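K.L.:
What follows is a protein structure lacking sequence information:
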């Protein structure tokens with residue numbers, strides 16, 4: 001007679017979220033298949049918002065000194081390896097918990113790119129790492145801006161490619177789509193800052209990267225910002241509809257994660273267009289010390 005496996009109830013919730021499952025467990029029944037839409041939404045909110053806030057803040061704090069930047073790179077590299085392993089092991093797991101784990105796997109890879117960039121490890125040619133006189137946005141300035149962050153852009157594309165290969169033609173591609181949304185939102189914000197926004201966020205770059213503020217456009221909103229917000233909002237509304245209607249635990253959870261990520265992306269773009277300063281990371285910036 002087949003025995004029902006005993007579930008260990010002593011594990012903490014965060015352990016069940018991030019631990020790597022053995023391949024033999026990939027087709028086990030997942031308790032999340034009976035989750036309500038509200039529970040799925042709340043779990044998505046906690047996972048995405050907590051990661052977005054804490055990861056961004058830690059990246060800022062680790063810019064304090066060369067030693068802390070190196071420590072951040074080592075830790076982020078270890079997380080990136082773990083993230084790739086999560087993506088690999090969970091790519092055939094069609095459950096809600098599998099979607100959350102692949103999201104975290106992709107997020108760990110994304111964090112590695114951001115830590116390497118803000119730590120000054122992934123920047124463009126040394127000859128372009130100097131401030132330039134302010135000038136209006138143009139094609140030549142755009143090319144120079146891209147080249148000034150060439151290795152950073154290349155690393156983002158490499159992470160996208162690795163994630164795409166790991167999850168190609170697999171049941172669970174939640175991490176891949178989350179990474180695509182991370183990248184698309186980041187590109188939209190960068191392009192809008194280049195053309196000009198009311199609140200470009202000066203002061204967030206560490207000292208070795210302040211030369212990049214030379215590529216900030218005029219401090220007024222361009223025509224591109226409302227279009228960017230509208231497009232991302234439409235995408236987010238569509239993912240919300242899919243998250244509410246889809247009966248597959250994997251797709252429902254995956255779409256809900258994308259929905260929360262999309263809402264944060266809309267908020268990020270909207271804040272660029274408003275003369276406000278949100279104190280989300282003030283504590284981390286205080287640790288950085290400059």
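P.N.:
Cool, got the structure. The shown structure was predicted, so the numbers you read here are calculated from the model rather than taken from an experiment. Residues are numbered from 1 along each chain as shown.
K.L.:
can you pull the contacts of residue 113?
P.N.:
122, 152, 155-156, 159 (CB atoms under 8 Å, 6 or more residues apart in numbering). Just so you know, the C-beta spots here come from the backbone N, C-alpha and C atoms, and that holds for glycine as well.
K.L.:
Excluding chain neighbours, what is closest to residue 116?
P.N.:
Distance criterion CB to CB, 6 or more residues apart in numbering; nearest residue to residue 116, sequence neighbours excluded, is residue 122 at 4.3 Å.
K.L.:
And for residue 107?
P.N.:
Setting aside the residues directly before and after it, residue 107 is nearest to residue 51 in space (CB to CB, 6+ apart), at 5.5 Å.
K.L.:
does the one you found count as helix, strand or coil?
P.N.:
Assigned by DSSP: H, G, I helix; E, B strand; the rest coil, the conformation of residue 51 is helix.
K.L.:
ok, it - how many residues close by?
P.N.:
As a burial measure, residue 51 scores 17 neighbours (other CB atoms under 10 Å).
K.L.:
what do you get for residue 99?
P.N.:
By other CB under 10 Å, 33 other residues sit near residue 99.
K.L.:
Was I right to think it contacts residue 254?
P.N.:
Yes - if you go by CB atoms under 8 Å, residue 99 and residue 254 touch, sitting 4.4 Å apart.
K.L.:
Spit out the residues that contact these two alike.
P.N.:
Common contact partners of residue 99 and residue 254 (CB under 8 Å, 6+ apart): 172, 174.
K.L.:
where does the stretch 151-290 of the chain have low pLDDT?
P.N.:
Residue ranges of the stretch 151-290 of the chain with pLDDT under 70: 277-290.
K.L.:
follow-up on the earlier one: doesn't residue 115 make contact with the residue nearest to residue 116?
P.N.:
No - using CB under 8 Å, residue 122 is not in contact with residue 115; the gap is 9.2 Å.
K.L.:
These two: which is more packed in?
P.N.:
With neighbours defined as other CB under 10 Å, residue 122 and residue 115 compare such that residue 115 has more, 26 against 21.
K.L.:
avg pLDDT for the strand or helix carrying that one?
P.N.:
If you go by DSSP states H and E, residue 115 is part of helix 96-118. In this model, helix 96-118 has a mean pLDDT of 90.
K.L.:
all helices of the chain, in order?
P.N.:
Here the chain has its helices, by DSSP state H, at 13-18, 37-61, 66-90, 96-118, 139-148, 150-167, 174-195, 224-245, 249-272, 282-288.
K.L.:
residues of the third one that come out buried?
P.N.:
Of the residues in helix 66-90, 69, 72-73, 76, 79-80, 82-84, 86-90 count as buried by neighbour count, 16 or more other CB atoms under 10 Å.
K.L.:
Could you do the fourth one as well?
P.N.:
Using 16+ other CB under 10 Å as the test for burial, helix 96-118 gives 96-118.
K.L.:
what's the answer for stretch 148-159, then?
P.N.:
For stretch 148-159, a neighbour-count test (16+ other CB under 10 Å) marks 148-149, 151-153, 155-156, 159 as buried.
K.L.:
Please apply the same query to stretch 164-174.
P.N.:
166-167, 170-174.
K.L.:
okay if I get those residues as CSV plus distance to residue 207?
P.N.:
Output for these, formatted as CSV (distance: CB to CB, whole Å):
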residue, distance to residue 207
166, 36
167, 38
170, 42
171, 46
172, 41
173, 39
174, 37
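K.L.:
Residue 266: which of those is nearest?
P.N.:
residue 174 (19.9 Å; CB to CB).
K.L.:
I'd say the closest one and residue 96 touch.
P.N.:
No - assessed by CB under 8 Å, residue 174 is found out of contact with residue 96, at 9.5 Å.
K.L.:
Are there residues contacting both of those two? Which ones?
P.N.:
When contacts are counted by CB under 8 Å, 6+ apart, residue 174 and residue 96 have 250, 253 as shared neighbours.
K.L.:
Contacts for stretch 133-148 next, please.
P.N.:
The contact list for stretch 133-148 (CB under 8 Å, 6+ apart) reads 123-125, 128-129, 132, 153, 194-196, 211-212, 214-215, 217-218.
K.L.:
Alright, I will stop here.
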